[in-house]
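**Q** next comes the sequence, and after it the predicted model I'd like to discuss.
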Amino acid sequence: MRKVVSHTFVTLDGVAVVDAAMQDIVELRDDEEVLDEFFGKVAEEDAMLLGRVTYEEWSAHWPTSDSEPFASHINSVPKYIASRSLDSAPWPGGDDATVLEGDLADAVNQLKQQPGGPIGVHGSPTLVEALLRADVLDEMRLEIYPVLEGEGPRLFGDRLGRLRLQLAESRTTSKGVVLLTYTRV
C-alpha cells in the first residue's frame, strides 16, 4: 500500500503560512543540508496531493518555473486536489490535476490502494490537518526554521484533538533548521 507523506515547513512558533519571515526561511532553506534531504525524499514520490489554495498558487507558478529539480518533478507527476469548490484543476502545459470526489478519507484510501510510490502532500496545512483527522496521513515531515513569525495560521488548529505520533527521524542542520519525520503510533 502506498504511503501519504506530508512536507511542511513551519517557524519555531508554529506558523505554517508565513509572510514576514519568508525571506529568512528562503535564506535558511537555500542550504545543501536542507535541500538534499528534501529532494531525496521527494524523488521517491510519484504523485502529489494538494489543497485548493496550494493548487491555485502552484498551477500559476510551477508550470513555467526553472527552479530545478522541483519544477520538473511537480510538473511530471499526477496531482490530486482536495477541494469542495473546484470542479476541474487544469495544469498549464501538462496533464490536468484530478479533483478528488466524495469523502476525503475514502478518496485518499483509494489512491493508497493504487500501485506506486509515496504520495506527497506539499504546503496545504489545512489539508495536512484534515488528513491527520481522517487517519490517512502515514508520515509527517517537518522543517522547523529558527524564525519567529508572530502571527499567522498555525499548522494545527484547535479542531485536531489529541493524537500521538512517533519520531522516526530527526536531524538538525548547521544553520539550526530541524528536520523531523513522524509516523502514526
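**A** Done, it's in. Residues are numbered from 1 along each chain as shown.

**Q** in the protein, where is pLDDT below threshold?
**A** Judged by pLDDT under 70, the chain has its weakly predicted residues at 18-21, 157-160.

**Q** which residues sit in contact with the residue sitting nearest the centre point of it?
**A** Computing the C-alpha centroid of the chain and ranking residues by C-alpha atoms, centre = their mean puts H122 first, at 2.0 Å. Shown here is H122, whose contacts under the criterion C-beta atoms under 8 Å, 6 or more residues apart in numbering are S6, H7, M48, L50, T54. No exception for glycine: its C-beta is placed from N, CA and C like everyone else's.

**Q** and V128, by the same measure?
**A** Taking C-beta under 8 Å, 6+ apart, we find V128 in contact with S6, T8, V121, L137, M140, L155.

**Q** from E139, how far out is it?
**A** The gap separating V128 from E139 is 11 Å, by C-beta to C-beta, to the nearest Å.

**Q** helix or strand for the residue in the chain sticking out farthest from the centre, just tell me which one.
**A** The centre of the chain is farthest from one residue, S174, which by C-alpha atoms, centre = their mean lies 23.5 Å away. For S174, there is no helix or strand it lies in under DSSP states H and E.

**Q** got the phi and psi for the residue nearest to it when sequence neighbours are not counted?
**A** The spatial neighbour of S174 that comes closest, neighbours along the chain excluded (C-beta to C-beta, 6 or more residues apart in numbering), is E33 at 6.5 Å. Main-chain dihedrals, E33, degrees, to the nearest 10: phi -60, psi -40.

**Q** repeat for L111
**A** In terms of degrees, to the nearest 10, the main-chain angles of L111 are phi -60, psi -40.

**Q** and if you look at T98?
**A** With angles defined as degrees, to the nearest 10, T98 sits at phi -100, psi 130.

**Q** how many other residues sit next to it?
**A** For T98, the number of neighbouring residues by other C-beta atoms under 10 Å comes to 16.

**Q** isn't it right up against A82?
**A** No - T98 sits out of contact with A82 when judged by C-beta atoms under 8 Å, with a separation of 10.5 Å.

**Q** ok, back up a step: distance of the residue farthest from the centre of the chain from V10?
**A** Where V10 is concerned, S174 sits at a distance of 20 Å (C-beta to C-beta).

**Q** now the helices for the protein?
**A** Secondary structure of the chain (DSSP state H): helices at 22-29, 32-42, 52-61, 70-76, 104-113, 125-133.

**Q** please state the offset of the third one from the chain centre?
**A** What it means is helix 52-61. On the basis of C-alpha atoms, centre = their mean, to the nearest Å, helix 52-61 is displaced by 13 Å from the centre of the chain it belongs to.
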